[in-house]
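Colleague: for reference, the sequence and a predicted model appear below.
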Amino acid sequence: GQDIANIIWSCAELQARGAAVSPLLDILPILSEVAEKRADVMNEQDVANVMWSCAILQTGDTPVPELLNIVPLVSAVALKRADTMTARGLANVFWAASLL
C-alpha cells in the first residue's frame, strides 16, 4: 500500500509545486486500479496521503477522475481502523478528506 500511496502523493506534490506533471498523469488511472486492490493494506498515513493526493490532483489543469474511485475504499479502511489509529493519524485523514 505504501508504495502506491507514495507514487500518487509524489504526483500530487509535484502538481502542487507547479511542476509539469502531464506525462505522469497518464499512469494515475492505472495506479488508481492498483490502489483500489491494495487499499486494505494501507496504514493511516497512506490513507491520508492518498486522500490529499486525490483532492490536489482534481484541482489541476488535467483532473484525474479515476482517482476519486479510491476515496470510498480508503475511507472504509480509515473507518475500520479508527479505534486503533493515533490522534494524529485521524486528524490527518480528516484534514485530507476535508479537501475533497
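Modeller: Sure thing, it's come through.

Colleague: which element is the nearest residue to residue 75 once chain neighbours are set aside on?
Modeller: The shortest distance from residue 75 to any non-neighbouring residue, by CB to CB, 6 or more residues apart in numbering, is to residue 97 (7.1 Å). No exception for glycine: its C-beta is placed from N, CA and C like everyone else's. Residue 97 is part of helix 87-98 when elements are defined by DSSP states H and E.

Colleague: next, count neighbours for the residue nearest to residue 75.
Modeller: Other residues lying near residue 97 total 18 when counted by other CB atoms under 10 Å.

Colleague: my read: it touches residue 54, true?
Modeller: No. Applying CB atoms under 8 Å, one finds residue 97 not in contact with residue 54, separated by 9.6 Å.

Colleague: what bits of this structure have low per-residue confidence?
Modeller: 20-21 (pLDDT under 70).

Colleague: quick one, what contacts the residue nearest the centre of the chain?
Modeller: With the centre of the chain defined as its mean C-alpha position, the nearest residue by CA atoms, centre = their mean is residue 50, 1.3 Å away. The neighbourhood of residue 50, defined by CB atoms under 8 Å, 6 or more residues apart in numbering, consists of 5, 8-9, 35, 42, 70, 74, 96.
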